[in-house]
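Student: I need the structure of the sequence given here:
(chains A, B, C and D)
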Protein chains: 2
Amino acid sequence: MTDKKENILKAALELFANEGYNAVSTNAIAKKAGVSEGLIFRHFENKKALLDSIMQMAEQKINIVFAPILFETDPLNVIHHSISLPFQIEESEYDFWRLQFKLKWQSEYYNVDKMKPVIDKFIWAFTMLGYQNPALEATFLEQIIETISIGILRNGKESQLNYQQFLINKYQ
Amino acid sequence: MTDKKENILKAALELFANEGYNAVSTNAIAKKAGVSEGLIFRHFENKKALLDSIMQMAEQKINIVFAPILFETDPLNVIHHSISLPFQIEESEYDFWRLQFKLKWQSEYYNVDKMKPVIDKFIWAFTMLGYQNPALEATFLEQIIETISIGILRNGKESQLNYQQFLINKYQ
DNA sequence: TTTTTTATAGTGAGTACTTACTTTTTATTT
DNA sequence: AAATAAAAAGTAAGTACTCACTATAAAAAA
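Tutor: Numbering: from 1, shown residues only, chains lettered A, B, ... in the order given. You can find the predicted model right below:
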């Protein structure tokens, strides 16, 4: 991948994440990336394909982030690790995640199955720990993690630290 | 308010909620509302003011929906009633709420204080019930309610019914 | 009551400008 | 010189918004 292509992807990510896909023009992306507008269309078929390319990278990142949980063998660790996960996101990747949550509200990008392996792991963990309703506990935990992530993206990690401890105590 | 003005508001709400503000043209709104494009700008200063008008109506609805909770005198009822609240949303109002959640990701519309009175009521309830950390429990509950609401808007009420019972059992 | 005035509601073609995308021209590498 | 990469210029279809004008209806004056 050429430098300029990477610049385009980076610029597009930042703009899409903060302003929204429709609000950002290809001209604005080109300017931010320091390239001509035409170059965008040499590297990507159209504006939509540029977004798709970003989202594909996102899916890889999601897999990497959740991989340690899938390999975790201690059920309680699965839960505690999951709660702590959002706090390990680097600030440089916030745009990435902001875009994910934004696009969750654009139906064509909402993909339920993306989290399936993680939820299955949660169900396994809650079963092992003898919880009454592992399936519901699992989706509950998933949503809690999402909520913390949103809180961090909006108000920073510090704002959610108490919350992290509070939740870890809940799951003992 | 004239019929046509109401048509414009209705059409704009539906389109904004499903496609997103920037993705919808005033031309599309006019066509859906069955009016001339010019009429939109007679009734509203600009496209943004049309959205503002919709959001103002939304704020009123939010107040009405949460009012019963603020007047509730039994702390456990506050919690149970809150969990059940999302299930009382009528299907005809889904667009309304979808737009709310969508715009939460557009910073200028995100208003923390909107829910302040409700959270204060939650804190009061958890304090009365002798919980160790009422403030954190309150934001936790708020986020749970938001999560259920999102689930309902995405997958319908039925999909969240088990969840409702599960949560009410959690708070006994 | 009839006529006149004034305000409001509504239209649809036109405005300047922006959009995503294409074609042509220029620079750089092999 | 040939091939590739990038920039610049261009295009046609939209975009939000305006404007001159008409239709309706309420208020005021006769």
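
Student: quick one: low-confidence ranges for chain A?
Tutor: For chain A, the stretches with pLDDT under 70 are A:1, A:107-112.

Student: quick one: the residue nearest the centre of it from residue A:104, how far?
Tutor: Centrality entry for chain A: nearest residue to the mean C-alpha point is residue A:97, 4.2 Å, by CA atoms, centre = their mean. Using CB to CB, to the nearest Å, residue A:97 is found at 11 Å from residue A:104. C-beta: built from backbone N, CA, C; applies to glycine.

Student: and the residue nearest to the centre of chain A, what does it touch?
Tutor: For residue A:97, the contact set (CB atoms under 8 Å, 6 or more residues apart in numbering or on different chains) comprises A:89, A:149, A:153.

Student: Put together TSV for the residues you listed, with neighbour count, distance to residue B:133 and secondary structure on each row.
Tutor: Listed next are the contacts of residue A:97 as TSV, based on neighbours: other CB atoms under 10 Å in any protein chain shown; distance: CB to CB, whole Å; DSSP: H, G, I helix; E, B strand; the rest coil:
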residue	neighbour count	distance to residue B:133	secondary structure
A:89	17	25	coil
A:149	19	21	helix
A:153	20	23	helix
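
Student: could you measure the residue nearest to the centre of chain A against chain B, distance?
Tutor: Counting by CB to the nearest CB, to the nearest Å, the gap from residue A:97 to chain B is 12 Å.

Student: distance between the helix or strand hosting that residue and the chain's centre?
Tutor: Taking DSSP states H and E as the definition, residue A:97 sits inside helix A:94-103. Centroid separation between helix A:94-103 and its chain, computed with CA atoms, centre = their mean, to the nearest Å, is 6 Å.

Student: Now that helix: buried residues?
Tutor: A:95-103 (16 or more other CB atoms under 10 Å in any protein chain shown).

Student: At the contact with DNA strand D, which residues of chain A appear?
Tutor: Residues of chain A found near DNA strand D (CB under 7 Å from any atom of the strand) are A:2-5, A:34-39, A:42.

Student: OK, now which residue of chain A is nearest to DNA strand D?
Tutor: residue A:38 (2.6 Å; CB to the nearest atom of the strand).

Student: tell me what the helix or strand where that residue lies is packed against?
Tutor: Using DSSP H and E, residue A:38 sits within helix A:37-43. For helix A:37-43, the elements it packs on are helix A:3-19, helix A:26-33, judged by 3 or more CB pairs under 8 Å, 6 or more residues apart in numbering or on different chains; DSSP states H and E.

Student: quick one: contacts for the closest residue to residue A:98 other than its chain neighbours?
Tutor: By the measure of CB to CB, 6 or more residues apart in numbering or on different chains, the closest residue to residue A:98 outside its immediate chain neighbours is residue A:17, 4.3 Å from it. Going by CB under 8 Å, 6+ apart, residue A:17 touches A:94-96, A:98-99, A:102.

Student: Just give the number of residues close to residue A:114.
Tutor: Using other CB atoms under 10 Å in any protein chain shown, residue A:114 is surrounded by 14 other residues.

Student: which ones are touching it?
Tutor: A:59, A:62.

Student: in chain A, what residue is nearest chain B?
Tutor: Of all residues in chain A, residue A:22 sits closest to chain B, at 3.7 Å by CB to the nearest CB.

Student: if I read this right, that residue contacts residue B:25, doesn't it?
Tutor: No. Using CB atoms under 8 Å, residue A:22 is not in contact with residue B:25; the gap is 10.7 Å.

Student: so what's in contact with the two at the same time?
Tutor: Shared contacts of residue A:22 and residue B:25 (CB under 8 Å, 6+ apart): none.

Student: picking up where we left off before, kindly write the ChimeraX command that selects the buried subset of the residues of chain A next to DNA strand D.
Tutor: Listed next is the ChimeraX selection for buried residues among the residues of chain A next to DNA strand D, using 16+ other CB under 10 Å:
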select /A:4,5,35,39
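
Student: Same list, the residues of chain A next to DNA strand D, but only the ones touching DNA strand C.
Tutor: Applying CB under 7 Å from any atom of the strand to the residues of chain A next to DNA strand D, those adjacent to DNA strand C are A:37-38.

Student: ok, so of the residues of chain A next to DNA strand D, who is nearest residue A:13?
Tutor: residue A:5 (12.8 Å; CB to CB).

Student: quick one: that closest one and residue A:50 touch, right?
Tutor: No. Assessed by CB under 8 Å, residue A:5 is found out of contact with residue A:50, at 10.3 Å.
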